[in-house]
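1. Give me a model of this one.
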Amino acid sequence: MSQLSANRSLLSEEAEKLNLEQKQVYDATGNCVVLAGPGTGKTRTLTLKLARMLQEDVRPPRGIACITFSNECVREIERRLDKLGIRRDRRLFVGTVHSFCLVNIVKPYARLAGLLLPDPLKIASEQDRSTCFEQARSRCQSSSSSVEMDRHRRTCLDRGSPEWQQNGLGNLVEAYEEELRKSGLLDFDDMTLLGLKIVQENMWAQKLLKARYPVLVVDEYQDLGLPLHRLVEILCFKAGIRLLAVGDPNQSIYGFNGARPDLLLDLAQRSAVAKFELHLNYRSGPRIVEASQQVIGQSGITRPQDGAHQGEICFRCIPEGLSEQARLICEKIITELTAAGCKLGDIAVLYVDKNDGDIIATAAQNAHLKFIRIDRNAPYPKTRLTRWLEDCAIWCVEGWKRGDPRLSDLLRIWSEFAGDAPGLPTESRSKLVSFLWRHRQTDERPPISLQEWISGLHEECLQFVFFKNCEYQDDFEALCKLQQACDSQGALSGITLPDFAGQRGSEEHLNLITLHQAKGREFEVVIMMGLEQGRLPNWRSDSSEEKAEARRLFYVGLTRAKKKVFLLYSGWYQNNNGQIFKKGASEFVTELQNNLAAKETV
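-> Below you'll find the model as predicted:
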């Protein structure tokens, strides 16, 4: 049997397992919008549908572009496609909206469209962006914050309109962009805004994109904002590219980045689009499903699977404050869970921000718990490069035995990083293979320290990739932070390579994650801490939409759990200046508590 026939046979077998709602999406032709609640199998449905379209509807050399919200979502889609025998190649693009615009529009077409951009393109780091913003603010004598400027830039796309110049924000944006260009830089918003500009103003660009990608798949549509929505309108309803868009308006939690849940709903109402809804929740028990629907105020949006674990919601008032919450989580709640057979890797502690992350990380260290931390105060950022390094560590520790991750995948990503470096690509690949092979962990060889492994990899391979001179500036800075964290005084001092490999996710590592970063993940048990009024919702949330987004964030946290949710609060909190606010538990917690109590008394 040929590989193509084997792939088709596997796809057919997997398609037979779809439920009726999912099968309708799988069989549909034309433009589709799928509204899918938590745990309803949207990613599985999307990848099966994408695989079918790639095999049956699009003839080589044409292909499909799949856009999603984050690099974590990209990896998950690639992982699922790989299980179906589909590997990323020239026919298949899977990436973020920023990378799609950069790779497929800005790089190839900017000069043809008359845009004078830096050559070579270099993406601004966080420090670069901050410096350019301060220079622009000084020039404009503006009192606006970078957050206000970014929101304006992402949501007001019609430059020259009365809204554009509101509060001088238009002038500030233009001055900021001038500062970027003077430094030879683009930032992430430039990627989507320039991509949109090229497509909007040049019909030939629309035709070229359709010729290469007659199908466009968009995952997590509710989080991708107005520039992507405008791009979809042009490419799909003007240029004629076929659309598959998947998302959930109730999980739209990135309003500060310009996300708008109404855009997905508007798209679903178009006459040229078929709308489908997925309702069967495969993840959470009935009590958790019911509670989550009470939080969002929409009954019936999902229904639990027959025979599912009932689920449990536990409210815990800890009057002594946030630090005591963290201590009890690590020393009591987690101890009880693991004694009952739950693995650390099946538990997630979710919290509001990086400051909470410091508190729970300290408590976990004091309790001698291994953990994975994902927030802005983590020892190193989770970028594409550091995730790749984690995969390399996994390969060295045990992946070389079982072929997961594949060495070929590690080499493919390395080639993308090393593409602009001097020397033959084959030489660069050979050096990496040699290093990884020599650092395989065996029973006869004791675990190597992370510091020694990173230093060796840098000396033999990484230093020859000039991140400073290419578009991977954020990756270069993330590498520097990782190296610093491995120093004798760093947060990762003394940890071994297997411990670092565990940062990808393991049974032995507790998950410490902000509520925003938890989206798209699932765990047996979720512990939400710091649920105080004034923190969730934030005391600054004075508009109805900000309050609604805070509610959606609480909903996202609740729906990560399969079997059990702990909701912890103290009724008061302390700000960074030491001021204490006694506002009680979060209104979302109080509402849920009252609703569940009322139902029990009926």
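
2. buried residues in the helix-or-strand element of the chain with minimal mean pLDDT?
-> Every helix and strand of the chain was ranked by mean pLDDT, DSSP states H and E. The lowest is helix 3-15, at a mean of 83. Under the neighbour-count criterion of 16 or more other C-beta atoms under 10 Å, helix 3-15 has 7, 8, 11, 14, 15 buried. Any C-beta I mention is one placed from the backbone N, CA and C, and that applies to glycine too.

3. Using CSV, write down the CA coordinates of the next helix or strand after that helix.
-> Counting by DSSP states H and E, the next helix or strand C-terminal to helix 3-15 is helix 20-27. Taking Å, rounded to 0.1, in the frame of the first residue of the first chain, the C-alpha atoms of helix 20-27 are listed here in CSV:
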residue,chain,number,x,y,z
LEU,A,20,-22.9,13.6,14.0
GLU,A,21,-22.2,17.3,14.5
GLN,A,22,-18.5,16.8,13.8
LYS,A,23,-19.3,14.7,10.7
GLN,A,24,-21.4,17.5,9.2
VAL,A,25,-18.4,19.8,9.4
TYR,A,26,-16.2,17.1,7.9
ASP,A,27,-18.5,16.5,5.0
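
4. so how far is helix 20-27 from its chain's centroid?
-> In this view, helix 20-27 has its centroid 26 Å away from the chain centroid, taken as C-alpha atoms, centre = their mean, to the nearest Å.

5. sorry, back to before: what's the angle between the least confident helix or strand of the chain and helix 20-27?
-> 150 degrees (axes from the mean of the first three to the mean of the last three C-alpha atoms, to 10 degrees).

6. Now find how far off-centre helix 3-15 is within its chain.
-> On C-alpha atoms, centre = their mean, the centre of helix 3-15 falls 29 Å from the chain's centre.

7. which residues are contacting it?
-> With contacts defined as C-beta atoms under 8 Å, 6 or more residues apart in numbering, helix 3-15 is touched by 1, 23, 26, 48, 51, 52, 55, 84, 85, 86.

8. try it again with 10 Å
-> 1-2, 22-23, 26-27, 44-45, 47-49, 51-52, 54-56, 80, 83-86 (C-beta atoms under 10 Å, 6 or more residues apart in numbering).

9. Restricted to buried residues, select these in PyMOL.
-> Entered in PyMOL, the line below selects the buried ones among the contacts of helix 3-15, by 16+ other C-beta under 10 Å:
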select buried, resi 22+26+45+47+48+49+51+52+54+80+84+85+86
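
10. So which of the contacts of helix 3-15 are in helices?
-> 22-23, 26-27, 44-45, 47-49, 51-52, 80, 83 (DSSP state H).

11. Please identify the helix or strand for residue 356.
-> Here residue 356, judged by DSSP H and E, is contained in helix 354-366.

12. tell me what that helix is packed against?
-> helix 322-328, strand 347-351, strand 371-374, strand 510-514 (3 or more C-beta pairs under 10 Å, 6 or more residues apart in numbering; DSSP states H and E).

13. Rebuild the ones you listed as TSV, extending it with mean neighbour count and mean pLDDT.
-> TSV is the format used below for the helices and strands packed on helix 354-366 (neighbours: other C-beta atoms under 10 Å; pLDDT from 0 to 100):
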stretch	mean neighbour count	mean pLDDT
helix 322-328	21	98
strand 347-351	28	98
strand 371-374	21	94
strand 510-514	24	97
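
14. of all those, which lies closest to residue 272?
-> strand 510-514 (37.9 Å; C-beta to C-beta).

15. Pull up the pairing partners for the closest one, direction included.
-> Taking DSSP bridges as the criterion, strand 510-514 forms sheet pairs with strand 347-351 (parallel), strand 371-374 (parallel).
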